[in-house]
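**Student:** The following block contains a protein sequence and its predicted model.
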Amino acid sequence: TAACSVPRAIRKVVLAGEQSEGARARVRRSIGTPGLRNLSPFLMLDHFSIKPGAGFPDHPHRGQETITYLLEGAVDHEDFAGNRGTIGPGDLQFMTAGRGIVHAEMPAQNADGSANVGLQLWVDLPRELKACEPRYRDLRAAEIPRVDVDGGKATIKVISGQSHGIDSVKDLAYTPVWILDVEMKPGAKVTQPLPQGWTAFSYVLEGDAYFGEGDARTKVAQYHNVVFDQEGDVVHVEADPAATGSTRLVIVAGTPLDQEIVQYGPFVLNSKEGVYKALMDYQSYANGFERAKDWQSEIGK
Ligand SMILES: Nc1ccc(F)c(C(=O)c2c[nH]c3ncc(Cl)cc23)c1F
Ligand SMILES: [Fe+3]
């Protein structure tokens, strides 16, 4: 007999409050705040808004992967190895910092003055990959399969992972993650299976979402992050039939990593010694930061 599905209950809901970050950029941070840490493998989730003139000039990373999802506008990136590119609306960049990256992330020059909006998710790297060679994987909007569910009342972009029989492009990040972008018309109901035992959350981008079923539904408003219990294998989410606009949210899941997390800003290692060494390597241009010596980005000037 088919195993009946067990809904994932809600463990906690946090509001992503606005804060300044980088150079005059604004971010709504949910994961990575005092109210929401220890969500392995997830280290940070920023819902960012960058106006021309603001951005994230030259800065380092070691020991994590960053996944940048552009919702509106475009962001240029340029690193110390000469990698340059632009991610546009609906595109993603999967960056594995590994042993070390120094780069800048700035609004694309052709921006029409409107804000460049998106999500940046930081994912911890397993111990054995902390010192791996850096790697990029751009995923263009056109490469992302989408699936209509509930009679077309909802559309799911399968950025990474699986949904309703549709598989994403493979091998985007080293740490296994599922990222689903769900858009729901009023009254839509979505049931999304998630891998057993994975860490899972949902961040509401637009409108109000109702998680759970029947009387056990919980209303979650825009800019809130819903963290689910580990137990269970499906998430139920609905849009109010009386809603005036669409509801949009991302559902994200990833394998918890059984390791210490010691983080100092963009240096994420497994011990204080590892973080200290990262700081020393960055300052002395060693062990992966050699190319930072005498390097300045064009876009971050
Ligand atoms: N202070 C600090 C330290 C280290 C960083 F890597 C960053 C940083 O680059 C970002 C943090 N949130 C982000 N959202 C979107 C984008 Cl494109 C970049 C960032 C930063 F701001
Ligand atoms: Fe960065």
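**Tutor:** Sure thing, it's come through. Everything numeric in this text was worked out from a predicted model, so none of it was measured. Ligands and ions are numbered 1, 2, ... in the order given.
**Student:** Strands of the stretch 1-150 of the chain, start to end?
**Tutor:** Listed in chain order, the strands of the stretch 1-150 of the chain (DSSP state E, counting those that start in this stretch) span 10-15, 17-21, 25-29, 42-50, 56-61, 64-72, 75-79, 84-87, 92-96, 101-107, 116-124, 135-139, 146-149.
**Student:** make that the stretch 201-301 of the chain, sorry
**Tutor:** 209-211, 218-220, 224-228, 234-238, 247-254, 262-264, 267-269.
**Student:** out of those strands, nearest to Gly165?
**Tutor:** strand 234-238 (14.9 Å; C-beta to C-beta). C-beta here means a position set from N, CA and C on the backbone, and glycine is covered the same way.
**Student:** Go ahead and measure how far the closest one is from the middle of the chain.
**Tutor:** 20 Å (C-alpha atoms, centre = their mean, to the nearest Å).
**Student:** Who are the packing partners of that strand?
**Tutor:** With contacts defined as 3 or more C-beta pairs under 8 Å, 6 or more residues apart in numbering; DSSP states H and E, strand 234-238 has these neighbours: strand 177-184, strand 189-193, strand 199-206, strand 209-211, strand 247-254.
**Student:** Mind listing residues that contact the last one?
**Tutor:** Okay, so that is strand 247-254. Contact with strand 247-254 is made by 41-42, 69, 119, 121, 123, 161, 175-184, 188, 192, 194-195, 198-209, 235, 237, 239-240, as judged by C-beta atoms under 8 Å, 6 or more residues apart in numbering.
**Student:** which ones among the residues you listed come in contact with ligand 1?
**Tutor:** With C-beta under 6 Å from any ligand atom as the criterion, these include none near ligand 1.
**Student:** rewinding a little: tabulate the strands of the stretch 1-150 of the chain (CSV), appending distance to Asn270.
**Tutor:** Formatted as CSV, the strands of the stretch 1-150 of the chain follow (distance: least, C-beta to C-beta, whole Å):
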stretch, distance to Asn270
strand 10-15, 25
strand 17-21, 25
strand 25-29, 23
strand 42-50, 13
strand 56-61, 16
strand 64-72, 12
strand 75-79, 24
strand 84-87, 30
strand 92-96, 17
strand 101-107, 19
strand 116-124, 9
strand 135-139, 20
strand 146-149, 38
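**Student:** would you turn those into a markdown table with mean neighbour count and mean pLDDT?
**Tutor:** Shown next, in a markdown table, are those (neighbours: other C-beta atoms under 10 Å; pLDDT from 0 to 100):
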| stretch | mean neighbour count | mean pLDDT |
| --- | --- | --- |
| strand 10-15 | 16 | 97 |
| strand 17-21 | 12 | 97 |
| strand 25-29 | 21 | 98 |
| strand 42-50 | 23 | 98 |
| strand 56-61 | 19 | 98 |
| strand 64-72 | 22 | 98 |
| strand 75-79 | 23 | 97 |
| strand 84-87 | 17 | 96 |
| strand 92-96 | 24 | 97 |
| strand 101-107 | 25 | 97 |
| strand 116-124 | 24 | 98 |
| strand 135-139 | 16 | 94 |
| strand 146-149 | 14 | 98 |
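**Student:** shaky segments in the chain?
**Tutor:** Judged by pLDDT under 70, the chain has its weakly predicted residues at 1-3, 111.
**Student:** Name the residues of it found near ligand 1, please.
**Tutor:** Near ligand 1, when you scan the chain using C-beta under 6 Å from any ligand atom, you find 21-22, 27, 46, 48, 56, 59, 61, 68, 75, 105, 120, 265-266.
**Student:** What's the PyMOL syntax to select whichever of the contacts of strand 247-254 are buried?
**Tutor:** Entered in PyMOL, the line below selects the buried ones among those, by 16 or more other C-beta atoms under 10 Å:
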select buried, resi 41+42+69+119+121+123+161+175+176+177+178+179+180+181+182+183+184+188+192+194+198+199+200+201+202+203+204+205+207+208+209+235+237+239+240
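**Student:** ok now do the residue nearest to the spatial centre of the chain, which residues does it touch?
**Tutor:** In the chain, the centroid-proximal residue (C-alpha atoms, centre = their mean) is Leu121; its distance is 2.7 Å. Going by C-beta under 8 Å, 6+ apart, Leu121 touches 31, 42, 44-45, 66-67, 69, 177, 179, 252.
**Student:** Next: Tyr69.
**Tutor:** So Tyr69 contacts 91-92, 118-121, 159, 179, 181, 250 (C-beta under 8 Å, 6+ apart).
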